[in-house]
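S.K.: sequence first, then the predicted structure, then my questions.
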Amino acid sequence: MQLVIDKVEKEVLVGARNDLGQEYGLRIGGSADELASTEKSLMNSFAYALGFIYLLLVALFSSFLRPFIVMLTVALAVSGSFLGITWNNLYQRGNILEILKEWKIPNAEAMAADWNWITFDILTQLGIVILAGIVVNNAILIVHQMLNNIKSGMEEREALLVSCQTRLRPIMMTVISSVFGMIPLAFGEGAGTELYRGMGTALIGGLGISTLFTLFLVPVLISLLADMGFHTRKEDLVKESLEAPVSSN
């Protein structure tokens, strides 16, 4: 539907507005107008989700700085979702063009170019919102385990190394199972599958890219912060635990 709306906007409304002049106004109404309102609401929900996730991480880590490292995984996930959509469109175009040429269809190149590609529609945007709550889990596992290791008496770099080693397998098992579970959404064939193809592709691309970079980027950023003087010491963590509010009857 988004493709139809964009086509009407570019090919019909622009010319009609020029013909009518400034005395009259034209706008898309009905379901198309509701779709635009839904997209705006979804983007607001994405911003609220990021804010709530950050506040929860501040409460979990007792720090305003550490959550920023975790939140970087969301940016990686969004980039990965766009890369996934681009790759899937190229993959589909190659297959479609090959089939059209095999059938000796005239103007195969033009038909493949006009195919119903994955767009940034409502379900694709919903997939990106879902990513915001999923991809932070991997970084949370690494950072939280590192803090626990420091509390147990390890030095910061040793605690970070052990955290990455112990959390690598659970992270990879979770991501691989999630990606394989969403492959039918992204590459399924049949009636109605194109509706969820954007969501599946965004989730697969976002999870894959963010996981690969998280396993390297999060430890590097923590090490850089330590080199800059932002150390995490056992005494500080114990002090934060003691200063945490305790409910009394």
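M.R.: On my side now, so go ahead. Residues are numbered from 1 along each chain as shown.
S.K.: contact partners for V135?
M.R.: 73-74, 76-77, 206-207, 210-211, 214 (CB atoms under 8 Å, 6 or more residues apart in numbering). For every residue, glycine as well, the C-beta is placed using N, CA and C.
S.K.: could you redo the last one with a cut-off of 7 Å?
M.R.: 73-74, 77, 206-207, 210 (CB atoms under 7 Å, 6 or more residues apart in numbering).
S.K.: pick out the most distant pair among those residues.
M.R.: Greatest spatial distance in these: V74 and L207, 12.0 Å, computed using CB to CB.
S.K.: for the helix of greatest length in the chain, packing partners?
M.R.: Looking across the chain with DSSP state H, the single longest helix is helix 66-102. The contact analysis (3 or more CB pairs under 7 Å, 6 or more residues apart in numbering; DSSP states H and E) places helix 66-102 against helix 31-61, helix 108-113, helix 122-134, helix 136-151, helix 193-227.
S.K.: redo those as JSON lines? Include distance to F187.
M.R.: Listed next are the helices and strands packed on helix 66-102 as JSON lines, based on distance: least, CB to CB, whole Å:
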{"stretch": "helix 31-61", "distance to F187": "25"}
{"stretch": "helix 108-113", "distance to F187": "18"}
{"stretch": "helix 122-134", "distance to F187": "15"}
{"stretch": "helix 136-151", "distance to F187": "24"}
{"stretch": "helix 193-227", "distance to F187": "8"}
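S.K.: out of these, flag the one nearest S163.
M.R.: Closest among these, using CB to CB: helix 136-151, at 4.0 Å.
S.K.: in the helix or strand following that closest one, what counts as buried?
M.R.: For helix 136-151, the following helix or strand on the C-terminal side (DSSP states H and E) is helix 156-187. Within helix 156-187, the residues scored as buried using 16 or more other CB atoms under 10 Å are 156, 159-164, 167, 171, 174-175, 179, 182, 185-186.
S.K.: if we can go back for a sec, for W87, find the nearest of the helices and strands packed on helix 66-102.
M.R.: helix 193-227 (7.3 Å).
S.K.: tell me, how many residues neighbour S45?
M.R.: By other CB atoms under 10 Å, 14 other residues sit near S45.
S.K.: contact partners for the residue nearest to it when sequence neighbours are not counted?
M.R.: In space, and not counting its chain neighbours, S45 is closest to V129: 6.1 Å by CB to CB, 6 or more residues apart in numbering. Going by CB under 7 Å, 6+ apart, V129 touches 42, 45-46, 49.
S.K.: hmm, back to that, can you name the two of the buried residues of helix 156-187 that are farthest apart?
M.R.: Of all pairs drawn from the buried residues of helix 156-187, the widest gap by CB to CB lies between E156 and L185 and measures 40.9 Å.
S.K.: how about low-confidence regions in this structure?
M.R.: 1-36, 92-117, 231-249 (pLDDT under 70).
S.K.: is R197 in contact with I118, as I believe?
M.R.: Yes. Judged on CB atoms under 7 Å, R197 makes contact with I118 at a distance of 5.6 Å.
S.K.: understood, closing this out.
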